[in-house]
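*Asks:* Have a look; sequence and predicted model below, questions after that.
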Protein chains: 2
Amino acid sequence: MSIDVGARLRSVRLSFGLSQRELARRAGVTNGLISLIEQNRVSPSVSSLKKVLDGVPMALAEFFTLDLSVAPQAFFGADELVELGNPEVSLRLVAAQRAGRQLTLLHQRIAAGAATGEDKPGQRGEEAGVVIRGRIELTVGGAMRVLGPGEAYYFASHLPHRFRNVGREACEIISACTPPTF
Amino acid sequence: MSIDVGARLRSVRLSFGLSQRELARRAGVTNGLISLIEQNRVSPSVSSLKKVLDGVPMALAEFFTLDLSVAPQAFFGADELVELGNPEVSLRLVAAQRAGRQLTLLHQRIAAGAATGEDKPGQRGEEAGVVIRGRIELTVGGAMRVLGPGEAYYFASHLPHRFRNVGREACEIISACTPPTF
DNA sequence: CCCTCTCGTCTAAGATCCTAAACACCATGA
DNA sequence: TCATGGTGTTTAGGATCTTAGACGAGAGGG
């Protein structure tokens, strides 16, 4: 075939965050058919492929136009994040190689006692994050607070800000900023 | 279905001037299948539709992108040609409204005694035509000749040229030029 | 007239698609 | 530990696609 309808369909389905059963329900077909198509075990009829794509929804022309080689990667394993920081303050970037990225998502790990330096000012974007492990002392403008797991922050990047791990264990944070600075 | 694969395929096949059997031979399928698909009696599998389109050839994406509602009109009644000239020198254009047209086909009618003015120079295309009725005196560069029914001409548009009807009846010519100037 | 060629259509039989249901696996939670 | 609910996969059988071949219609040519 060389078209690889299966890979295309799987790619489309995952990019919409659907399970085989959920897509099948929306499309009015069975989950087994989705599975068989994605494995290229069958070549679907145009009518059933159309039914499936209607569940997304996506037009047939768009489906066949998809360029899988440059299809945006939707999922990243832990080891696929790109390390930008140092052993003390680790910054691991999601979708680093993606062109035209609109935001930056980081998995940060700040060792006990470590701190980030004052960021250069002049950035106009915004920054936000959620602490997932440990505790972090965050200073934004004149305010300071210690955040623990489940707590979060959100501020304009131009404000002076500083992270400092005052606890005894490493602190992990998932943070996002826009526009992308990396 | 609302996609009408059958009409699309028939349209594509005819636009390539192929019979069902000829297309089937090129595609490696049977003529019966082409017939059934074109009648929408079956919805072909993607793999067999791809085989069929490979015989044209045309990509699946292009096939589904075809907009039948604006499908290029293939036939034009005499009253569907668009009049561009004047009563003395009538220029009736074929497929006037077609976007992206690559050439211009005209049905010209030049009244007895009438003549076309010297065309503006600087055109790089070519021009050709066949006289179907009456007689026309055509001057191209330094050469001149009178053409009657069945006779034809072909010259580069940048050469100075002039048509003059020296007979007593109107002269009709079918002419083409490229690139389109109208 | 027949003969031959090509056209698109139709039909029975074989190949493939599609469904319904079961399966194995992995989480989460009682 | 067992139950529950999620995932993707597999399989038998019915539905559909596809083929091979026959059919009828129309267009020349002898």
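*Replies:* That came in fine, so what should we check first?
*Asks:* Residues of chain A that sit close to DNA strand D?
*Replies:* Within chain A, the positions lying close to DNA strand D (CB under 7 Å from any atom of the strand) are A:19-22, A:31-32, A:34-36, A:38-39, A:41, A:45, A:47. Backbone N, C-alpha and C define where each C-beta goes, glycine included.
*Asks:* Provide a ChimeraX selection command restricted to the buried entries of those residues.
*Replies:* Selecting the buried subset of the residues of chain A next to DNA strand D in ChimeraX, with 16 or more other CB atoms under 10 Å in any protein chain shown as the burial test, is done by:
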select /A:20,34,35,38,45,47
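*Asks:* Give me the subset of the residues of chain A next to DNA strand D that lies in strands.
*Replies:* Counting by DSSP state E, the residues of chain A next to DNA strand D place none of their members in strands.
*Asks:* Whether the longest helix along chain A contacts chain B - can you check?
*Replies:* When chain A is scanned for its longest helix (criterion: DSSP state H), the result is helix A:5-15. Yes - using CB under 8 Å from any CB of the partner chain, helix A:5-15 reaches chain B at A:Val5.
*Asks:* now the residues of chain A next to DNA strand D as a markdown table including pLDDT?
*Replies:* A markdown table is the format used below for the residues of chain A next to DNA strand D (pLDDT from 0 to 100):
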| residue | pLDDT |
| --- | --- |
| A:Ser19 | 84 |
| A:Gln20 | 92 |
| A:Arg21 | 91 |
| A:Glu22 | 87 |
| A:Asn31 | 93 |
| A:Gly32 | 92 |
| A:Ile34 | 93 |
| A:Ser35 | 92 |
| A:Leu36 | 93 |
| A:Glu38 | 91 |
| A:Gln39 | 90 |
| A:Arg41 | 91 |
| A:Ser45 | 94 |
| A:Ser47 | 93 |
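*Asks:* average pLDDT for the longest helix of chain A?
*Replies:* Per-region confidence: helix A:5-15 scores 84 on mean pLDDT.
*Asks:* For that helix, name the packing helices and strands.
*Replies:* helix A:31-38, helix A:46-54, helix A:60-65 (3 or more CB pairs under 8 Å, 6 or more residues apart in numbering or on different chains; DSSP states H and E).
*Asks:* how does it look with 7 Å?
*Replies:* Judged by 3 or more CB pairs under 7 Å, 6 or more residues apart in numbering or on different chains; DSSP states H and E, helix A:5-15 is in contact with helix A:31-38.
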